[in-house]
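# build me a model:
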Amino acid sequence: MNFYPDYVFIESEAENYALGKELIKKFESLKIPIFSFKEFKKINNYEKSSKEFYSFSKRSLIVGIKKSMKLECCKPSADYQFSLVTGCPGSCEYCYLQTNQSFKPFIRVYVNIEEIFDNIDKYIAASIPNITTFEISSSSDPIAVEHLTGSVKKTIEFFSNKEFGRLRLVTKYSNIDNLLNINHNNHTKVRFSINSEYVIKSFEHNTDKIEERIKAASLIYKSGYPLGFIIAPIMHYDGWTEEYRKLFEMLKNNIPNPNNENLSFELIQYRFTTRAKNVIVDRFPNTKLDMNEESRIKKWGPYGVYKFVYTKDISNKLKDYISNLIIDYFPNSTIEYFT
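Reported below is the predicted structural model:
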């Protein structure tokens, strides 16, 4: 699935960068309407309903520059996170970006790539001789717009030459062709977000099918990248055990060497906050997400708010069952964490 916006908005500073100029030419050739970012601000101020603005934003792409260079911690995935893109053309109902970017759900790509790289070099240098890891998928799915920007490819090539730097990315998309024949030097770990048929069909709108993700994962594997899978969010519902078993069966049948010890899994159970629930219900009034607070327990989150998680009994069932599937189907793989 290749995303193309209905509208493009350009920040004036972006026109001074090579990627900015390249994107303008590309969108002109595609006959996609291009406006200045000032026009987006005007549209933002129109009296649209929240659902109308959300829909409009998801079809809009902003070409801009990354101004803040302070990197945030990204545990347990990596030491730090940085962005090539913010926002995502996908509309996963449960995604934490529904609240983290609730007032800015549009897709924004950054064109000052070299400045971003220079900043990363400073963080790497500060931790030598330790290896510093960086995540690029915390505020977006950059693969979703890679066919437009080529930024992930440039970033992988940048990290291939970093003795003390490593890159991590995760995606729900399959357009990874331009990543297959480049020098990654085993310094980039690619993970694919996978889930049961029910979760993907019910909640992961405008993303690639599970078959397409697994096919892309197989190609990434054959290209020698360290490969992993994130199962998130793991959900408890009628029939969940059989559906997750089918998922792992499909995965094993399509990964060339399922006994490879370098495969890894990250497991994240479903959780939500009160604010997230309010945003989700507003944007997806017919959602099937189970957000019954009375059936959950409260857990204090890292951002100063309570989140609602499964009871210990259900949480343990999820952890034990999925972990046992991994042991059965991928006995030499690593489970990095369950949260």
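# secondary structure class of residue 307, three-state.
With DSSP: H, G, I helix; E, B strand; the rest coil as the basis, residue 307 sits in strand.
# give the contact list for it.
271, 272, 273, 298, 299, 300, 301 (C-beta atoms under 8 Å, 6 or more residues apart in numbering). For every residue, glycine as well, the C-beta is placed using N, CA and C.
# so how far is residue 291 from it?
Residue 307 sits 11 Å away from residue 291, going by C-beta to C-beta, to the nearest Å.
# before we move on, the earlier item: farthest-separated two in the contacts of residue 307?
Using C-beta to C-beta, the pair of the contacts of residue 307 lying farthest apart is 272 and 300, separated by 14.4 Å.
# touching, residue 221 and residue 227? I think so.
Yes. Using C-beta atoms under 8 Å, residue 221 is in contact with residue 227, at 4.9 Å.
# can you list contacts of stretch 170-184?
1-2, 90, 92, 135, 137, 141-144, 146-147, 150, 152-153, 156-157, 159-160, 190-193, 204, 207-208, 212-213, 215-216, 219-220, 223-225, 230.
# now, which of these lie within helices?
Per DSSP state H, helices hold the following members of those: 146-147, 152-153, 156-157, 159-160, 212-213, 215-216, 219-220.
# hang on, the earlier thing: list only those of the contacts of residue 307 flagged as buried.
Neighbour counting by 16 or more other C-beta atoms under 10 Å classes 271, 272, 273 among those as buried.
# would you reformat those as JSON lines and include secondary structure?
Compiled in JSON lines, the buried ones among the contacts of residue 307 are given as follows (three-state DSSP):
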{"residue": "271", "secondary structure": "coil"}
{"residue": "272", "secondary structure": "strand"}
{"residue": "273", "secondary structure": "coil"}
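# got these as JSON lines, with pLDDT and distance to residue 61 columns?
As requested, the buried ones among the contacts of residue 307 are exported to JSON lines (pLDDT from 0 to 100; distance: C-beta to C-beta, whole Å):
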{"residue": "271", "pLDDT": "95", "distance to residue 61": "30"}
{"residue": "272", "pLDDT": "94", "distance to residue 61": "28"}
{"residue": "273", "pLDDT": "92", "distance to residue 61": "28"}
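# what is the nearest of the residues you listed to residue 62?
Of the buried ones among the contacts of residue 307, the one sitting nearest to residue 62 (C-beta to C-beta) turns out to be residue 273, at 26.6 Å.
# any figure for the gap between that closest one and residue 257?
40 Å.
# quick revisit: just the buried residues out of the ones in helices among the contacts of stretch 170-184, in PyMOL syntax.
Here is the PyMOL command that selects the buried residues among the ones in helices among the contacts of stretch 170-184 (16+ other C-beta under 10 Å):
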select buried, resi 146+152+153+156+157+159+160+212+213+216+220
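# gap between residue 196 and residue 233?
Distance of residue 196 to residue 233, computed by C-beta to C-beta: 11 Å.
# and if you look at residue 12?
Look at residue 12 and residue 233: by C-beta to C-beta, they are 39 Å apart.
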